[in-house]
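> My questions are about this predicted structure, shown below with the sequence.
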There are 2 protein chains.
Amino acid sequence: MDIFTDEFFMQKALHEAEVAYAKGEIPVGAVIVAGNQIIAKSHNLTEMLNDVTAHAEMQSITAAANFLGGKYLKNCTLYVTLEPCQMCAGALYWSQISKIVFGASDEHRGYRALGTKLHPKTEVIHGILEQECGDLVRKFFAERRR
Amino acid sequence: MDIFTDEFFMQKALHEAEVAYAKGEIPVGAVIVAGNQIIAKSHNLTEMLNDVTAHAEMQSITAAANFLGGKYLKNCTLYVTLEPCQMCAGALYWSQISKIVFGASDEHRGYRALGTKLHPKTEVIHGILEQECGDLVRKFFAERRR
């Protein structure tokens, strides 16, 4: 039995999103995996760092490249709880990452609705732990509106 | 006579691009200006940092937000020697920057060809020092091909 499923790694990304939630950040988490090893993990830190570029994906791309000692993420998979935005999809394009797995869709600011181009070699899977990943973001915004 | 023209600040961005060129980086430079003051300057460092996210614009967005103590770049202008890519345009969208001025166009990887959405409040001007900005990039790639 393979324990290293997409659900297994998405659970790790979801844990990162929960850490972001606890910090009052929009709760999005990410991990990057190479050969079943987590080589980067991160969560959104735009508020704490006062930086619109501090999305979970951007930090994991930088951390994974640091780990690998090279800037291309071939043979790597990104797990992220929410569909990447234009910026993050644009960064993933440059990284030539092999696979992207995201949980919840973002109908308004997600890269698909906005037509951002990924690298032709990048495979995409979505909907893994979709409900849990989406519920956390909805809970965050519902509380902020109160 | 106003010395603080778009050409004046683009010249500063071009100087940054020349620094990148001297380091063997794809020669793109940027500055961010608020009230005629340069609050951030940067050049592409993707090779040195082994990081596809280290475009000139991304670094300047982070640096300007640090300087301002807030993540939105309202009342700021970015000067960049080359048309922003999807990633950088996506970051500029989140920053709500007031104005983007770029020098040379990027027909293949520029945000316009790829349809990346900017913030509705962002004004765009292009073609400032276009020849000089473009020549530096063309010179870089011509030398690499040899």
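Good, I have the coordinates.

> most centrally placed residue in chain A?
The residue lying closest to the centre of chain A (CA atoms, centre = their mean) is A:Val80, at 2.6 Å.

> Extract the CA atoms of the helix or strand harbouring it and return them as PDB.
Under the criterion of DSSP states H and E, A:Val80 resides in strand A:77-82. What follows is strand A:77-82, C-alpha atoms only, in PDB (Å, rounded to 0.1, in the frame of the first residue of the first chain):
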ATOM      1  CA  THR A  77       5.200  18.300  -7.400                       C
ATOM      2  CA  LEU A  78       3.600  21.300  -5.700                       C
ATOM      3  CA  TYR A  79       0.700  20.700  -3.400                       C
ATOM      4  CA  VAL A  80      -1.300  23.800  -2.600                       C
ATOM      5  CA  THR A  81      -4.600  24.100  -0.800                       C
ATOM      6  CA  LEU A  82      -6.000  26.800  -3.100                       C
END
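
> In chain A, mark out all the helices, start to finish.
A:6-22, A:56-68, A:86-95, A:111-114, A:130-145 (DSSP state H).

> quick one: which of the ones you listed is nearest chain B?
Smallest distance to chain B across those (CB to the nearest CB): 3.0 Å, for helix A:86-95. C-beta: built from backbone N, CA, C; applies to glycine.

> For chain B, tell me whether the closest one is touching it.
Yes: residues of helix A:86-95 contacting chain B under CB under 8 Å from any CB of the partner chain: A:Gln86, A:Met87, A:Cys88, A:Ala89, A:Gly90, A:Ala91, A:Tyr93, A:Trp94, A:Ser95.

> Ok, stretch A:65-81 next?
Yes: legend: contact between stretch A:65-81 and chain B by CB under 8 Å from any CB is shown at A:Ala65, A:Asn66, A:Gly69, A:Gly70, A:Lys71, A:Tyr72.

> any idea how far A:Gly115 is from the closest residue in space to A:Lys117 that isn't next to it in sequence?
Spatial nearest neighbour of A:Lys117, chain neighbours left out: B:Leu114 (5.5 Å); criterion: CB to CB, 6 or more residues apart in numbering or on different chains. The gap separating B:Leu114 from A:Gly115 is 8 Å, by CB to CB, to the nearest Å.

> Neighbour count: those two, which is higher?
B:Leu114 (18 against 13; other CB atoms under 10 Å in any protein chain shown).

> Near chain B, which residues of chain A? Just list them.
Checking chain A against chain B by CB under 8 Å from any CB, the hits are A:46-47, A:50-53, A:58, A:61-62, A:65-66, A:69-72, A:85-91, A:93-95, A:114-117.

> nearest to A:Ser105, of the residues of helix A:86-95 next to chain B?
A:Ser105 lies nearest to A:Ala89 out of these, by CB to CB, at 13.2 Å.

> excluding its backbone neighbours, what's nearest that closest one?
Nearest to A:Ala89 is A:Tyr111, by CB to CB, 6+ apart, at 3.5 Å.

> check contacts around the one you found.
A:Glu83, A:Pro84, A:Cys85, A:Gln86, A:Cys88, A:Ala89, A:Leu118 (CB atoms under 8 Å, 6 or more residues apart in numbering or on different chains).

> any chance of the residues you listed in JSON lines, plus pLDDT and distance to A:Glu130?
What follows is the contacts of A:Tyr111, written out as JSON lines (pLDDT from 0 to 100; distance: CB to CB, whole Å):
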{"residue": "A:Glu83", "pLDDT": "98", "distance to A:Glu130": "10"}
{"residue": "A:Pro84", "pLDDT": "98", "distance to A:Glu130": "15"}
{"residue": "A:Cys85", "pLDDT": "98", "distance to A:Glu130": "17"}
{"residue": "A:Gln86", "pLDDT": "98", "distance to A:Glu130": "21"}
{"residue": "A:Cys88", "pLDDT": "98", "distance to A:Glu130": "18"}
{"residue": "A:Ala89", "pLDDT": "98", "distance to A:Glu130": "18"}
{"residue": "A:Leu118", "pLDDT": "98", "distance to A:Glu130": "20"}
